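no letters, just coordinates:
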């Protein structure tokens, strides 16, 4: 929970999202170097183990703000991960209006893809983002233009495209989702 420095376990459908710790570094690194995952998520770069460790450390440092990284568990095994981070880097430079907004990032082992698990994990994360205590009205997402699965996932979950910008490997399509939280605040 924000303020406590401890992220909650999130549940939806077949998915349980369990916060990662530094003890999960080898597992996360193994996921992130899979060709299926790194193709879009890391612009096909094979990252060193230390980069995965830094990812976890950075997200642990943001847990007080409700941001972090979770393993996606389904059917008794880890099938991927989901992270919640602030929009930054190239995406922020291209879309400065998204400054301070949060972005979900999902990575699944290839055998888990196409089974609805990414959607269930995203639903759990969106409920967390939009519900108490975060109550965020806007959620952003960046997708490499050729990543058709991710485009379909976001559109099914109420995201709308807001623009395209050059990316390191492919053009980036920016998405935004505005929730009822924003309507409540405007009243």
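Perfect, I can see it now. Not measured: the values here are computed from a predicted model.

can you list the low-confidence ranges for this structure?
Scanning the chain for pLDDT under 70 picks out the ranges 1-5, 180-187.

just the helices in it please.
25-32, 35-41, 49-61, 89-94, 117-130, 148-156, 180-186 (DSSP state H).

who are the packing partners of the lengthiest strand in the chain?
Using DSSP state E, we find that the single longest strand of the chain is strand 77-86. Packing partners of strand 77-86 (3 or more CB pairs under 8 Å, 6 or more residues apart in numbering; DSSP states H and E): helix 25-32, helix 49-61, strand 68-74, strand 102-108, helix 117-130. Using the backbone N, CA and C atoms, a C-beta is placed for each residue, glycine as well.

could you find the closest non-adjacent residue to residue 171?
residue 145 (4.4 Å; CB to CB, 6 or more residues apart in numbering).

quick check: phi and psi on that neighbour?
Backbone torsions of residue 145, given as degrees, to the nearest 10, read phi -50, psi -40.

residues contacting it?
Applying CB atoms under 8 Å, 6 or more residues apart in numbering to residue 145 gives the contacts 164, 167, 170-173.

quick check, nearest of those to residue 110?
residue 170 (19.2 Å; CB to CB).

what's around the nearest residue to the closest one once chain neighbours are set aside, how many residues?
Nearest in space to residue 170, with sequence neighbours left out and distances taken as CB to CB, 6+ apart, is residue 144 at 4.1 Å. Using other CB atoms under 10 Å, residue 144 has 19 other residues around it.

mind listing the residues bridging to residue 144?
Per DSSP bridges, residues listed as beta-bridge partners of residue 144: residue 172.

now do the contacts for residue 82.
By CB under 8 Å, 6+ apart, the neighbours of residue 82 are 17, 69-70, 72, 104-107, 121-122, 125.

now residue 8. Its backbone dihedrals?
phi -80, psi 160.

isn't residue 62 right up against residue 88?
No: assessed by CB atoms under 8 Å, residue 62 is found out of contact with residue 88, at 11.4 Å.

looking at those two, which has the bigger crowd around it?
Relative neighbour count places residue 62 above the other of residue 62 and residue 88, with 18 against 11, counting by other CB under 10 Å.

any idea how far that one is from residue 116?
According to CB to CB, to the nearest Å, residue 62 stands 28 Å off from residue 116.

related to what we said a few turns ago, so how do I select the buried members of the contacts of residue 145 in PyMOL?
One line in PyMOL is enough to select the buried ones among these; burial here means 16 or more other CB atoms under 10 Å:
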select buried, resi 167+172+173
